[in-house]
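[1] Any chance you can model this:
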Amino acid sequence: MSTLLSPAVRQAVAGGSAIRKMFEQGLELKKKYGADNVFDFSLGNPDLAPPPAVKAALEKIASGADRPFALGYMPNAGYPATREALARLVSREQGVETPAANVVATVGAAGGLNVLFRAILAAGDEVVVPSPYFVEYGFYCGNHGGVLRPVPTKPGDFSLDIGAIEAAVTERTRAVIVNTPNNPTGQIYPAEDLAALGEVLARKSAQFGRVIYLVSDEPYRQLNYTGEPIPSMFAAYRHTVVVGSFSKTLSLAGERVGYLAVNPAIEGAEELVGGLVLANRILGFVNAPAVGQLVLQEAWDSGIDAGIYRRRRDMLADGLRAAGVEFFLPKGAFYFFVKSPCPDERDFVEALLRERILAVAGRGFGLAGHVRFAFCVEDRTILGAREGLARAVAAVRGA
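    Predicted coordinates for the structure are as follows:
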């Protein structure tokens, strides 16, 4: 009998997403015990309200929604005014003057990565990524014939292992993707490591006679707790494409609006941008959501209060420390990627579940033996989980 799904999709559905499975288990627990009695650290869903500029922008959009084409089609790359706003943002963040012609509005960072991979990957091309990494990268590459090649980071602090990355880059490598601040580790890669990575990619591009792109996935750029600016990726390497979104910085996760920015230093950048615009159209996105783009025109320079997340980070760190859990203190984003107190982190996740605490096993991020906790949650969730967290740690250590 024929199956309804392709083998690849059937296998993916059977495996499922560990994050989504945990999220669904959380819904069941909340029905049974009440939301206040379940401590859900599973999903990176920003819980802060959007900044006031977003509300003001929405009111402005609504007041003009009765005119023709108020929310109609626009150029596939986005409204010109939106691209101008994004170019100002990118120029400031990267420290490199970036024209609007080098920026494409996308359906979130996820849509942007799919657009980019559609434009640059051929069947069998490889994308190298430091591990652990965002769980969907493999799917995004596979959607367009690519293969994800994880490379371990350094133990303890999850910093880049430049030598390991260099060894992993071959004639099949088309891109290296870095995510800083990182999901799931919270690491921020320093400028000297990024410069060293850029040197490796320049050397390997020359060796193999084709461009190897550096793809910088930066949806957490504003969530930086170090007090130091996040380094410019454009300055690190010529053939860089930055991917960004406003899911976290403006709490617009459901609006699905992001961008791709092409380094002006790329020779023939207009050809790459043209391919991105085409891919945006033929993948069926057509354009980024009109409402989100119009919001960005007014609110691109705003942001949520990252200090709230920093305070929650410190609260959760106190709870983990008291329970005897080993961890790297995240420098950015809103996740802890802690060392499991038992060899198989899935046993720890199950022990946490018995305490009605939801977290995600690290093997889904490419590194077993660890567990991810998202701290974009209310204070009461962090404080309420402390006793159960300690009991779960004691249970798995005792076993």
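
[2] I'd like the average pLDDT over stretch 31-47.
    Across stretch 31-47, the average pLDDT comes to 88.

[3] Could you find the closest non-adjacent residue to residue 226?
    When the adjacent residues along the chain are set aside, residue 226 lies closest to residue 331, with 5.0 Å between them (Cβ to Cβ, 6 or more residues apart in numbering). Heads up, the C-betas are built off the backbone N, CA and C, glycines and all.

[4] what about the nearest residue to residue 71 once chain neighbours are set aside, neighbour count?
    Distances taken as Cβ to Cβ, 6+ apart put residue 290 closest to residue 71, at 4.5 Å, once the chain neighbours are dropped. For residue 290, the neighbour count with other Cβ atoms under 10 Å is 20.

[5] so what's residue 290 up against?
    71-72, 74, 79 (Cβ atoms under 8 Å, 6 or more residues apart in numbering).

[6] wait, the residue nearest to residue 226 sits on residue 188?
    Yes: taking contacts as Cβ atoms under 8 Å, residue 331 lies within contact range of residue 188: 4.4 Å.

[7] Identify the contacts common to these two.
    Common neighbours of residue 331 and residue 188 (Cβ under 8 Å, 6+ apart) are 181, 224, 226.

[8] quick one: the helix or strand bottoming out on mean pLDDT in the chain to chain centroid distance?
    When each helix and strand of the chain is scored by mean pLDDT, DSSP states H and E, helix 18-33 comes last, with a mean of 77. Distance, stretch centre to chain centre, for helix 18-33: 22 Å (Cα atoms, centre = their mean, to the nearest Å).

[9] by contact count, what packs against that helix?
    Counting contacts by 3 or more Cβ pairs under 8 Å, 6 or more residues apart in numbering; DSSP states H and E, helix 18-33 is packed against strand 39-40, helix 345-354, strand 357-358, strand 360-361.

[10] Name the surrounding residues that touch it.
    Here helix 18-33 has contacts from 38, 40, 42-43, 135, 349, 353, 356, 358-361, 363-364, using Cβ under 8 Å, 6+ apart.

[11] Generate a PyMOL selection restricted to the buried subset of those residues.
    Applying 16 or more other Cβ atoms under 10 Å to these, the buried members can be selected in PyMOL as follows:
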select buried, resi 38+40+42+43+135+349+353+356+358+359+360+361+363+364
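
[12] Just the buried subset of the contacts of residue 290, please.
    Members of the contacts of residue 290 classed as buried by 16+ other Cβ under 10 Å are 74, 79.

[13] nearest to residue 237, of the contacts of residue 290?
    Taking Cβ to Cβ as the measure, residue 79 is the one of the contacts of residue 290 closest to residue 237, at 29.5 Å.

[14] correct me, but residue 61 touches residue 295?
    Yes: between residue 61 and residue 295 there is a contact at 7.2 Å, judged by Cβ under 8 Å.

[15] Which helix or strand contains residue 185?
    Assessed by DSSP states H and E, residue 185 sits outside every helix and strand.

[16] for residue 337, that is, sorry about that
    Going by DSSP H and E, residue 337 is part of strand 335-339.

[17] Touching that strand from outside, list them.
    44, 132, 158, 183-186, 313, 316-317, 320, 325-328, 330, 362, 365, 367, 369-375.

[18] Selecting buried members of the residues you listed in PyMOL, what would you type?
    In PyMOL, this line selects whichever of these come out buried by 16+ other Cβ under 10 Å:
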select buried, resi 44+132+158+183+184+185+186+313+316+317+320+325+327+328+330+362+365+367+370+371+372+373+374+375
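
[19] Would you map out the domains in this protein?
    7-50+305-398, 53-299 (automatic domain parsing).

[20] for the ones you listed, which one ends up most surrounded?
    domain 53-299 (a mean of 20; mean count of other Cβ atoms under 10 Å).

[21] What's the mean pLDDT across it?
    Rounded mean pLDDT across domain 53-299 is 97.

[22] What distance separates the opening and closing residues of it?
    In domain 53-299, first residue to last residue: 5 Å (Cα to Cα, to the nearest Å).

[23] Likewise for stretch 243-256?
    End residues of stretch 243-256 are separated by 13 Å (Cα to Cα).

[24] Likewise for stretch 233-245?
    Across stretch 233-245, first to last residue, Cα to Cα, it's 16 Å.

[25] how far out from the middle of the chain is it?
    15 Å.
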